[in-house]
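> coordinates only, no sequence provided:
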């Protein structure tokens, strides 16, 4: 059996190694357009920022090491320019010599990945405008920074690459501005959770131009002007376009393979395309979203590697299936860690699901053990069924392990109420006896049983201020004096039982505290005393962060920058 693989990164490299482990006699040829195979895309920004100092650290294998270990014929700088299913051949151009030749196959695996989106606009091809996708892109940016010593950079796009580059270029001493067409960064997060990322970037000195559209570029005084729609231009010594990627599917289209979302390659759960003996994996393929059961594009290294293994199994006569992707991911943003899995609340609603959520602020480990920090956790679940739809966590430590537990729970089909049952490892330096994931489960179980009624941030503006309801802040007098919501009276929770006579039991009570715990205790006191009470989801810390963020975005300067920056 002869297997030809197009693309030697992530899914392609994984498939090649797996095929060899399953079939020692197979002939395996991999064509990779770039000069590198099996490299760590996700590490590229950190090489630019000198966190990773050796270029060799980015490549997990070389063509030579791959051949030595797996006897795989890795041909770099070779571009497949045509697929001929009727002949079971591919046309290949040697980019070093220009030679074009045909290579036959018994099985063909496409792992071409995705390409950075580079929209047509004036000045887009100027030399000081970069994209970051390959090792070559990385070296180009690295060399430009080293030789030209730029003082400022504009990053167009606020996704993973944009934020990772923002941190790494800032670490090199550049003044960094992130321009985002949406009014929030990281759209895989809900806007309320993204507020914490905005706050961290502002604190670190990164400028944000949110809700701004780039319309073109012009050279000016040795640098670049980034032209904005309805706003003055931004000045920069370099620009990186990081507005997303699109599937590399031109070959598939020309060969007559069925295409799906945004031109992606349609595959079944065996990673088979619409043409026999041709498989496809990675960022170029359309997948099933595990939560919605709808078609989706999810460009992540984990799914690509798993798909490569599954395709390899099936190429070798097995029957492996890909159940779908859920978009589990994590990012470092200066001192913060932000992680997500499944659907955001906005995505769930957009998918037509009846979504509810809890927002809590647990400690990363036992409060009495030094060094703990607060994380903000948002768990989205389906009303009535309590199916877990997604989760987002932002904090300083312990974020990654909690999102992994929640990702596993989604994959296992657990209900949100069952999170309370999980037995998770505990020692004071690492967690609490009631882990944050358990706490989310306790809270959702209380909602399911009617023990707790919630009110949310979006309800605040419509809360009556006419005296028909009671608005109650149960923090300490000192906390209340440092900031509170207009119209809320202050009765600390520990004084509440003695001061119930100050409240009218005929009026519903909307309660808030700093994190949601004391206000929950207050609602139980009130409910036990004949009141109807609602607990604010997230606490004043959450409320204040989101409200401040929205105010800064709304009051942006004419050039689009938050006034705080």
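Nice, I can see it. Predicted model, so just to flag it, every value in this text is computed and none were measured.
> now the helices: where do they sit in the protein?
Using DSSP state H, the helices of the chain run over 11-22, 44-48, 63-70, 135-148, 160-171, 191-204, 250-255, 301-315, 345-350, 399-411, 436-448, 477-481, 517-528, 539-554.
> let me have those helices in TSV, adding mean pLDDT as columns.
What follows is these, written out as TSV (pLDDT from 0 to 100):
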stretch	mean pLDDT
helix 11-22	96
helix 44-48	91
helix 63-70	93
helix 135-148	93
helix 160-171	96
helix 191-204	97
helix 250-255	97
helix 301-315	97
helix 345-350	97
helix 399-411	98
helix 436-448	97
helix 477-481	97
helix 517-528	97
helix 539-554	95
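> quick one: closest of those to residue 220.
helix 135-148 (15.8 Å; C-beta to C-beta). Bear in mind the C-beta positions are built from the backbone N, C-alpha and C, glycine included.
> pull out the buried positions in the closest one.
135, 137, 138, 139, 141, 142, 144, 145 (16 or more other C-beta atoms under 10 Å).
> what's in contact with that helix?
Helix 135-148 is contacted from outside by 34-36, 39, 44, 47-48, 55, 58-59, 128, 130-132, 150, 169, 172, 174, 237-238, 240, using C-beta atoms under 8 Å, 6 or more residues apart in numbering.
> go again with 10 Å.
The contact list for helix 135-148 (C-beta atoms under 10 Å, 6 or more residues apart in numbering) reads 9, 34-37, 39-41, 43-50, 55, 58-59, 116, 127-128, 130-132, 134, 150, 153, 165, 168-169, 172-174, 222, 237-238, 240.
> out of the residues you listed, which sit inside strands?
116, 130, 153, 238, 240 (DSSP state E).
> which of those has the most neighbours?
Ranked by neighbour count (other C-beta atoms under 10 Å), these have residue 240 at the top, with 27 neighbours.
> give the buried subset of the contacts of helix 135-148 as a PyMOL selection command.
Selection of buried members from these for PyMOL, criterion 16+ other C-beta under 10 Å:
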select buried, resi 9+34+35+36+37+39+40+41+43+44+45+46+47+48+49+58+59+116+128+130+131+132+134+150+153+165+168+169+174+237+238+240
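> measure the spatially most distant residue from the centre of the chain to residue 495 for me?
Distance from the centre of the chain peaks at residue 501, with 48.6 Å (C-alpha atoms, centre = their mean). From residue 501 over to residue 495 the distance is 12 Å, taken as C-beta to C-beta, to the nearest Å.
> same deal with residue 49?
Per C-beta to C-beta, residue 49 is found 51 Å from residue 495.
> please apply the same query to residue 433.
29 Å.
> so those two - more neighbours on which side?
More neighbours surround residue 495 than the other of residue 433 and residue 495, with 14 against 10 (other C-beta under 10 Å).
> list the contacts of the more buried one.
Contacts of residue 495 by C-beta under 10 Å, 6+ apart are 474, 476, 477, 502.
> report the two of these separated the most.
476 and 502 (17.1 Å).
> okay, these two: which has more neighbours?
The neighbour comparison of residue 476 against residue 502 (other C-beta under 10 Å) goes to residue 476, with 17 against 12.
> circling back to that earlier point, dump the contacts of residue 495 into JSON lines; add distance to residue 193 as well.
Listed next are those as JSON lines, based on distance: C-beta to C-beta, whole Å:
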{"residue": "474", "distance to residue 193": "24"}
{"residue": "476", "distance to residue 193": "27"}
{"residue": "477", "distance to residue 193": "30"}
{"residue": "502", "distance to residue 193": "36"}
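> ok, and the closest non-adjacent residue to residue 472?
residue 511 (4.9 Å; C-beta to C-beta, 6 or more residues apart in numbering).
> isn't the one you found right next to residue 532, touching?
No: the criterion here is C-beta atoms under 10 Å, and residue 511 misses it with residue 532 at 11.0 Å.
> shared neighbours of those two, anything?
Common contacts of residue 511 and residue 532, defined by C-beta under 10 Å, 6+ apart, comprise 470, 523, 526.
> and the nearest residue to the first one once chain neighbours are set aside, bridged to which residues?
Once flanking residues are discounted, residue 470 sits nearest to residue 509: 4.4 Å by C-beta to C-beta, 6+ apart. Going by DSSP bridges, residue 509 is paired in beta bridges with residue 470, residue 533.
> look up how far residue 543 lies from residue 509.
17 Å.
> before we move on, the earlier item: tally of neighbours for the residue nearest to residue 472?
Neighbours of residue 511 (other C-beta under 10 Å): 28.
> for residue 545, which non-adjacent residue is closest in space?
Per C-beta to C-beta, 6+ apart, closest to residue 545 is residue 195, 5.2 Å.
> right, and that neighbour touches residue 541 too?
No: with contact defined as C-beta under 10 Å, residue 195 and residue 541 do not form a contacting pair (11.3 Å).
> mutual contacts of the two, please.
Residues within reach of residue 195 and of residue 541 at once, by C-beta under 10 Å, 6+ apart, are residue 376.
> the more surrounded of those two?
Taking neighbours as other C-beta under 10 Å, residue 195 and residue 541 compare with residue 195 leading, 25 against 15.
> next up, the contacts around the more buried one.
Residue 195 neighbours (C-beta under 10 Å, 6+ apart): 184-185, 189, 376, 394, 542, 544-550, 552-553.
> next one: residue 190
Taking C-beta under 10 Å, 6+ apart, one finds 184, 340, 343-348, 357, 359, 378, 380, 390, 392, 546 in contact with residue 190.
> one more: residue 82?
89, 90, 91, 92, 93, 100, 102, 251, 254, 255.
> and residue 36, by the same measure?
8-9, 55, 58-63, 76-77, 134-136, 138.
> who's residue 266 bridged to?
Using DSSP bridges, the bridge partners assigned to residue 266 are residue 286.
> just give the number of residues close to residue 554.
11.
> and residue 117, by the same measure?
Neighbours of residue 117 (other C-beta under 10 Å): 13.
> which residues touch it?
131, 157, 241, 242, 243, 244, 245, 246.
> if we use 8 Å, what do you get?
Residue 117 touches 241, 243, 244, 245, 246, counting by C-beta under 8 Å, 6+ apart.
> equivalent analysis for residue 306, please.
residue 322.
> ok, now with 10 Å
Applying C-beta under 10 Å, 6+ apart, the residues near residue 306 are 11, 14, 271, 281, 300, 320, 322, 323, 325.
> got a ChimeraX select line for the buried ones in those residues?
Buried members of those, defined by 16+ other C-beta under 10 Å, are picked up in ChimeraX with:
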select :11,14,271,281,300,320,322,325
